[in-house]
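>>> Okay, here's the prediction I keep looking at, along with the sequence it came from:
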Amino acid sequence: MDQVQPTGRIDVISDVICPWCYIGKRQLERALDLLAPQHCNVAVAWHPFQLNPEMPAEGVERTSYRISKFGSLERSRQLDQRITETAATVGLEFHLDRITRTPNTVNAHRVIRFAGQRGVQDALVEQLFESYFCSGADIGDPKILADVAAQAGLDRAEVLAMLAGDEGRREVLAGDQMARNAGIQGVPSFALQGHVLFSGAVPAEEMAQTFRRAWEILKERAA
């Protein structure tokens, strides 16, 4: 059977330490399943955003960081519980208590870019999310990033070599700044054919409806 070629593109602006981005990925996958009968076959591309652009390169200890950010350990745990419960509604089993460090995510975005050039970007994004939110991996550590990349089908040595240099750093930082210049303040944000439509891990049915309506408008404009 011939492979169906994409007829459009959805761009997802996200950060790998954003739990709502992982939840949003599941909602997007469900939305695409809903759109499939209408032959709305699209490619999905992932783009960088840093939730913590001032994060030190080595990251920080998570508990103290969360207390500083949210005011108390109790508040942090309440938010984690809410996120964990929401994740469960889309089939994700978060174990946020396993996370010990909040990482700088520039290197993770560099690997995502690298994976995009090799056709395994979605697999890598999935593996990064799973490793961080479910296993508590420190995805700011180049060696751990290389391990995760290998699980997604990339060559571990190539990833380590890439991370040892500056390849992709400028492009990742430029992409992050481009998103901010476009007015994006929260992630995940979703764009169709370059037009930003919405932000947030909205329900799949709502996503599908928005994409369907936007696609019809774009087709009318192109007619």
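Great, that's in hand. Residues are numbered from 1 along each chain as shown.
>>> Mind checking what secondary structure V125 has?
Secondary structure assignment for V125 (DSSP: H, G, I helix; E, B strand; the rest coil): helix.
>>> Also L197?
Following three-state DSSP, the label given to L197 is strand.
>>> any idea how far it is from V111?
27 Å (C-beta to C-beta, to the nearest Å). (Each C-beta comes from the backbone N, C-alpha and C, glycine too.)
>>> For these two, indicate the residue with more neighbours.
V111 (28 against 16; other C-beta atoms under 10 Å).
>>> biggest helix in the chain, by residue count?
helix 204-222 (DSSP state H).
>>> For that helix, name the packing helices and strands.
On a contact count with 3 or more C-beta pairs under 8 Å, 6 or more residues apart in numbering; DSSP states H and E, helix 204-222 meets helix 19-35, strand 189-192, strand 195-199.
>>> List the buried residues of the first one.
When neighbours are counted by 16 or more other C-beta atoms under 10 Å, the buried residues of helix 19-35 are found to be 19-28, 30-32, 34-35.
>>> Identify the residues contacting L154.
111, 114-115, 118, 120, 124 (C-beta atoms under 8 Å, 6 or more residues apart in numbering).
>>> Of those residues, keep whichever come out buried.
Buried by 16+ other C-beta under 10 Å: 111, 114-115, 120, 124, out of these.
>>> give me the low-pLDDT residue ranges for this protein?
In the predicted model, the chain carries pLDDT under 70 at residues 1-7, 39.
>>> What distance do you get for E58 to E220?
In terms of C-beta to C-beta, E58 sits 51 Å off from E220.
>>> Who has more neighbours out of these two?
E58 (11 against 8).
>>> where exactly do the helices run in this structure?
Using DSSP H, helices in the chain cover 19-35, 62-70, 73-88, 106-117, 121-129, 142-151, 156-164, 169-181, 204-222.
>>> how about the nearest residue to D80, chain neighbours excluded?
L96 (4.5 Å; C-beta to C-beta, 6 or more residues apart in numbering).
>>> What separation do you get for that neighbour and R82?
Noted for L96: a distance of 11 Å to R82, by C-beta to C-beta.
>>> of those two, who's got more company?
More neighbours surround L96 than the other of L96 and R82, with 20 against 11 (other C-beta under 10 Å).
>>> residues in contact with the nearest residue to F129 once chain neighbours are set aside?
In this structure, F129 finds its nearest non-sequential neighbour in Y22, 4.1 Å apart by C-beta to C-beta, 6+ apart. By C-beta under 8 Å, 6+ apart, the contact set of Y22 is 87, 92, 129, 133.
>>> which one of those is nearest V187?
F129 (12.7 Å; C-beta to C-beta).
>>> is it true that the closest one touches I17?
No: in this structure, F129 is not within contact of I17 by C-beta atoms under 8 Å, at 9.3 Å.
>>> For stretch 19-39, what is the distance to the chain centroid?
The chain centroid and the centroid of stretch 19-39 are separated by 13 Å under C-alpha atoms, centre = their mean, to the nearest Å.
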